[in-house]
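Undergrad: sequence-free structure coming up:
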């Protein structure tokens, strides 16, 4: 009789080992609209451990996307340095009114503002006169963009624009070192938006602001690919999940939202 029970012991131990593994595996997948999405472990908050940040998910990529999702939004493909010509196009003022957007920035003369995804420096150079005693830190993850920007800064004799190489998950700036952040049609391409926002939260001084421009997803007349547009509702959902407070949405730009958040 005892030998029969001894035979069961290995089976019981095997079951104890396999059941937790099956539970963990089930937690890494979920079904959305009939499709199974793999769940990528959520980022670890660095500024506020009480934040519950939703995990990334993956699914088959759409033509303009990377197949990675954050809070229901598919992240768009990055526009590389060959797109400099589009950034510097002659009709950009007519289409987007960047001068109007820049006039809406609330910056002290000695402010330090980081232009995230600065690209060719289109906005960085135009903001520089607003902060004669401060500086613009032009942040990008593509060295080719920063090389172009350095050459242009020298040509224009602009000395208060500083180039800075970031990474896909961090702006790599010291804690409490900047007064403001500007995103211009860049945030929707971040492959690690939660980690990027965490690094920005750390780098901003208390009360520091984020100025975010994104093409309006709510407006079908805006002639931009869907994944390269964002709704105000989606932006608010993501930024507030990372600990930022919504301040306002400045109206009247032709194609873009102008959303303001603060730390």
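TA: Arrived safely, thanks for sending. Source: prediction; values computed, not measured.
Undergrad: so how far is residue 88 from residue 141?
TA: As defined by C-beta to C-beta, to the nearest Å, residue 141 lies at a distance of 19 Å from residue 88. Every C-beta, even on glycine, is put in place using the N, C-alpha and C of the backbone.
Undergrad: who's more crowded, these two?
TA: Neighbours were counted for residue 141 and for residue 88 using other C-beta atoms under 10 Å; residue 141 has more, 20 against 14.
Undergrad: would you agree the more buried one is in contact with residue 167?
TA: Yes. In this structure, residue 141 is within contact of residue 167 by C-beta atoms under 8 Å, at 6.2 Å.
Undergrad: elements contacting the helix or strand that residue 209 is a member of?
TA: Counting by DSSP states H and E, the secondary-structure element that holds residue 209 is strand 204-215. Contact partners of strand 204-215 among helices and strands, from 3 or more C-beta pairs under 8 Å, 6 or more residues apart in numbering; DSSP states H and E: strand 178-184, helix 232-241, strand 256-262.
Undergrad: run through who's touching the second one.
TA: When contacts are taken as C-beta atoms under 8 Å, 6 or more residues apart in numbering, the neighbours of helix 232-241 outside the stretch itself are 51, 53-54, 70-73, 187, 193-194, 197, 210, 212, 214, 216-218, 246, 249, 257, 259, 261.
Undergrad: tell me where this structure has strands.
TA: Using DSSP state E, the strands found in the chain span residues 29-32, 35-40, 56-58, 65-70, 73-76, 112-116, 135-140, 161-165, 178-184, 204-215, 245-250, 256-262.
Undergrad: okay if I get the ones you listed as a markdown table plus mean neighbour count and distance to residue 232?
TA: Supplementary listing: these in a markdown table, determined by neighbours: other C-beta atoms under 10 Å; distance: least, C-beta to C-beta, whole Å:
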| stretch | mean neighbour count | distance to residue 232 |
| --- | --- | --- |
| strand 29-32 | 11 | 23 |
| strand 35-40 | 14 | 25 |
| strand 56-58 | 19 | 22 |
| strand 65-70 | 18 | 16 |
| strand 73-76 | 20 | 13 |
| strand 112-116 | 26 | 19 |
| strand 135-140 | 26 | 24 |
| strand 161-165 | 17 | 29 |
| strand 178-184 | 23 | 14 |
| strand 204-215 | 20 | 9 |
| strand 245-250 | 13 | 6 |
| strand 256-262 | 20 | 5 |
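Undergrad: sketch out the low-pLDDT regions of the stretch 51-200 of the chain for me.
TA: 80-86 (pLDDT under 70).
Undergrad: mind jotting down where the helices sit in it?
TA: Using DSSP state H, counting those that start in this stretch, the helices found in the stretch 51-200 of the chain span residues 84-87, 92-96, 98-103, 122-127, 143-156, 193-203.
Undergrad: in JSON lines, list those along with mean neighbour count and distance to residue 110.
TA: Converted to JSON lines, these look like this (neighbours: other C-beta under 10 Å; distance: least, C-beta to C-beta, whole Å):
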{"stretch": "helix 84-87", "mean neighbour count": "14", "distance to residue 110": "28"}
{"stretch": "helix 92-96", "mean neighbour count": "13", "distance to residue 110": "28"}
{"stretch": "helix 98-103", "mean neighbour count": "14", "distance to residue 110": "18"}
{"stretch": "helix 122-127", "mean neighbour count": "22", "distance to residue 110": "14"}
{"stretch": "helix 143-156", "mean neighbour count": "16", "distance to residue 110": "20"}
{"stretch": "helix 193-203", "mean neighbour count": "23", "distance to residue 110": "17"}
